[in-house]
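> dropping a prediction and its sequence here:
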Amino acid sequence: MNQSSQPNAEARRLSVLVVDDDELVLKTLHSLLKSKGYDAIAVSNEKDALEAASKKQIDIAMLDLMLGEGNGIELMGRLREIVPSVMTIIVTGYGTIEKAVEAMHQGAWDFLTKPVTSGMLFEKLDRIEEICMLRREQDFRRKVIDRDFAYSGMIGPSPVMTPIYEAVLRAAQSSLPVLIEGETGSGKEYLAEAIHLNSTRSKKPYVIMDCTATPNSLIEATLFGSTKGAFTGAVERKGLLEAADGGSIFLDEVGEIEIDIQPKLLRCLETGRFRPVGSTKETGSDFRIICATNRDLMAETKAGSFRTDLFYRISAQRIVIPPLRERAADIPVLARFFLTRIANEYNRTDADFTPEALRVIAQYAWPGNIRQLRFVVESAFFQTVEGKIGAEHLSIENEPVSMTDSIQSAVDVDQDFKSFRDDAILQAETAYIKQLLESTNGDVRLAAQKAGLTREAMYRVMSRCNLSASEFRDS
């Protein structure tokens with residue numbers, strides 16, 4: 001399996017083009033940027049700047065306002081013709097701030113005044129980096145929805161999913177193996193598909209092997225292929241690894257592979273070559289492997305049931321997807337998405353949830369995670385010929401999770417305190433606003449009055465909690 005042609009899986013640092021005709025300023029800025037790990041390109045004129053932008057992706061352009069015969073504002077427009085997404089910082093000297101403000105009116109993101117200090121520079125770059133990451137995440141979510149696999153659970157506003165989206169983006173930019181860990185039904189198989197569809201291999205085969213559904217006696221032949229007569233009933237068949245040539249193979253529940261087959265898989269991952277069962281000849285395949293498990297493979301390496309070297313080989317990149325109960329804000333979003341998706345399939349424009357049904361859905365623990373939620377929504381849809389889905393149509397035990405239980409279940413001691421506090425506050429706010437809107441039957445004015453908030457402030461909190469007043473109004 002060829003891995004050398006792809007970049008490392010680490011997140012790509014922003015690329016910054018610096019254009020200034022003052023050699024000392026140019027060298028100083030270039031050195032500062034390099035010291036912080038930015039991919040810095042320094043040029044002294046417009047021609048070289050345009051050439052650089054045409055050859056590689058430029059995230060940020062730092063342009064001197066006065067460039068000999070030209071100027072930074074004009075260059076900004078030309079760069080945008082090549083790289084529409086480029087974010088521009090205009091660098092200006094004393095007495096030309098008005099021109100810099102004019103540049104911002106024409107689309108520059110910000111400006112710096114000379115002499116540029118490292119503090120000023122990196123403060124602005126840190127803010128731009130946040131915006132760029134947000135753009136990438138939004139672009140990725142849009143791709144996910146457009147590719148019709150949003151039902152994987154890769155939608156929703158829950159903060160705990162942001163690093164998951166980012167990890168998927170990083171993994172898609174590499175051909176290194178990926179191990180996705182999480183509970184049964186949490187959406188591991190769809191994360192794997194998302195990685196493939198957003199990679200350079202997306203036009204090539206995507207092959208899936210469910211290791212739990214394949215008998216142990218056939219796993220080797222299924223992976224590597226077989227020759228006729230290699231074992232009782234064997235026919236000449238190409239294996240899944242060969243079928244994945246040029247693309248990706250997804251091994252779901254990889255921990256089910258028997259220990260005696262694991263060395264053969266390890267060698268194949270290291271060399272890209274393998275021998276079909278019953279054959280004396282080796283064959284090769286250029287594939288990218290993505291694995292998933294609901295087991296603690298690290299513990300199994302210590303117990304001797306999973307090879308340590310294979311574990312480290314398949315876990316070059318690890319993504320741990322949280323269970324649905326830790327994504328409380330995503331539950332109603334996903335439920336509505338599943339309902340809309342199946343309603344569109346059957347041309348049912350009237351399909352909706354009652355407020356009570358949504359409350360039950362939002363409060364349930366969902367031990368079967370996304371898979372269970374999808375099944376419950378689809379089952380409820382078929383129980384209602386027309387009109388709204390009520391709580392009585394939901395095939396779940398009505399055992400809501402308390403707010404305290406929900407927060408406690410989401411505790412992650414590896415999470416920094418600020419992030420945990422923010423998540424906990426959001427969960428508490430959501431629970432409070434839900435009860436408030438329930439008690440007022442969705443009357444935002446009355447709910448705001450009870451909470452001691454203005455109506456505008458109430459709407460802001462509702463937006464942050466992803467709540468709509470219509471969910472709480474009796475029809």
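Here it is on my side, so go on. Numbers count the residues shown, from 1 in each chain.
> look up how far Ala244 lies from Ile195.
Distance of Ile195 to Ala244, given as CB to CB, to the nearest Å: 14 Å. Just so you know, the C-beta spots here come from the backbone N, C-alpha and C atoms, and that holds for glycine as well.
> higher neighbour count, those two?
Ile195 (28 against 24; other CB atoms under 10 Å).
> in terms of helix, strand or coil, where does that one fall?
helix (DSSP: H, G, I helix; E, B strand; the rest coil).
> wait, it touches Ile290, no?
Yes: taking CB atoms under 8 Å as the definition, Ile195 is a contact partner of Ile290 at 6.0 Å.
> shared neighbours, those two?
By the contact definition CB atoms under 8 Å, 6 or more residues apart in numbering, Ile195 and Ile290 are jointly contacted by 178, 248.
> could you point out which element follows the helix or strand of the chain with the lowest mean pLDDT?
For the chain, using mean pLDDT, DSSP states H and E, the weakest element among its helices and strands is helix 403-409, scoring a mean of 55. Moving toward the C-terminus from helix 403-409, the next helix or strand (DSSP states H and E) is helix 417-439.
> render the CA-only coordinates of that next one in CSV, please.
Extracted C-alpha coordinates of helix 417-439, given in CSV (Å, rounded to 0.1, in the frame of the first residue of the first chain):
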residue,chain,number,x,y,z
PHE,A,417,-11.9,23.0,32.2
LYS,A,418,-13.1,25.9,30.1
SER,A,419,-14.4,23.5,27.3
PHE,A,420,-16.2,21.3,29.8
ARG,A,421,-17.7,24.3,31.6
ASP,A,422,-19.0,25.7,28.3
ASP,A,423,-20.5,22.3,27.3
ALA,A,424,-22.1,21.9,30.7
ILE,A,425,-23.5,25.4,30.7
LEU,A,426,-25.0,24.8,27.2
GLN,A,427,-26.7,21.6,28.4
ALA,A,428,-28.1,23.3,31.5
GLU,A,429,-29.3,26.3,29.5
THR,A,430,-31.0,24.0,27.0
ALA,A,431,-32.8,22.1,29.7
TYR,A,432,-33.9,25.3,31.4
ILE,A,433,-35.2,26.9,28.2
LYS,A,434,-37.0,23.7,27.1
GLN,A,435,-38.9,23.6,30.4
LEU,A,436,-39.6,27.3,30.2
LEU,A,437,-41.0,27.1,26.7
GLU,A,438,-43.0,24.0,27.7
SER,A,439,-44.6,25.8,30.6
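> show me the shaky parts of the stretch 1-150 of the chain.
Confidence mapping of the stretch 1-150 of the chain against pLDDT under 70 gives the ranges 1-13, 94-97, 100, 133-150.
> next, the buried residues of stretch 20-38.
20-22, 25-26, 28-30, 32-33, 38 (16 or more other CB atoms under 10 Å).
> for Ile389, give me phi and psi.
phi -80, psi 120 (degrees, to the nearest 10).
> burial count for it?
Neighbour count for Ile389, taken as other CB under 10 Å: 24.
> wait, doesn't it sit right on Asp350?
No: Ile389 is beyond contact range of Asp350, at 10.6 Å (criterion: CB under 8 Å).
> how is this structure partitioned into domains?
As assigned by automatic domain parsing, the chain contains the domains 15-134, 152-320, 326-472.
> not counting sequence-adjacent ones, nearest residue to Ala49?
Excluding the flanking residues, the one nearest Ala49 by CB to CB, 6 or more residues apart in numbering is Val19, at 4.7 Å.
> list the contacts of that neighbour.
43-46, 48-49, 61-64, 67, 72, 75.
> can you redo the residues you listed as TSV with secondary structure?
Below are the contacts of Val19 laid out as TSV (three-state DSSP):
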residue	secondary structure
Val43	strand
Ser44	coil
Asn45	coil
Glu46	helix
Asp48	helix
Ala49	helix
Ala61	strand
Met62	strand
Leu63	strand
Asp64	strand
Leu67	strand
Gly72	helix
Leu75	helix
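> whichever of those end up buried, select them in PyMOL.
This is the PyMOL syntax for the buried subset of those, where burial follows 16+ other CB under 10 Å:
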select buried, resi 43+44+45+46+49+61+62+63+64+67+72+75
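> tell me which helix or strand the residue nearest in space to the middle of the chain sits in.
Geometric centre of the chain, nearest residue: Tyr165, 1.5 Å, by CA atoms, centre = their mean. Secondary structure assignment for Tyr165, by DSSP H and E: helix 162-172.
> now do the buried residues in that helix.
164-172.
> likewise for stretch 105-118?
Result for stretch 105-118 [16+ other CB under 10 Å]: buried residues 108-109, 111-113, 116.
> out of those residues, which is nearest to Ile261?
Relative to Ile261, the closest of the buried residues of stretch 105-118 is Trp109; by CB to CB it sits at 54.1 Å.
> and the one helix or strand Cys291 maps to, how far out from the chain's middle?
Taking DSSP H and E as the criterion, Cys291 maps to strand 288-293. The chain centroid and the centroid of strand 288-293 are separated by 16 Å, computed with CA atoms, centre = their mean, to the nearest Å.
> got the contact list for it?
1, 175, 177-182, 188-189, 192, 195-196, 199, 201, 247-255, 269, 314.
> just these: which are in strands?
Using DSSP state E, the members of the contacts of strand 288-293 that fall in strands are 178-181, 248-252.
> between the buried residues of stretch 105-118, which is closest to Leu265?
Nearest to Leu265, judged by CB to CB, of the buried residues of stretch 105-118 is Trp109 at 48.5 Å.
> what's the neighbour count on the nearest residue to Gly304 once chain neighbours are set aside?
Leaving aside its chain neighbours, Gly304 sits nearest to Ile259 (7.9 Å; criterion: CB to CB, 6+ apart). Neighbour count of Ile259, defined by other CB under 10 Å: 12.
> what's the answer for Asp309, then?
12.
> list the contacts for Ser468?
Here Ser468 is in contact with Met462 (CB under 8 Å, 6+ apart).
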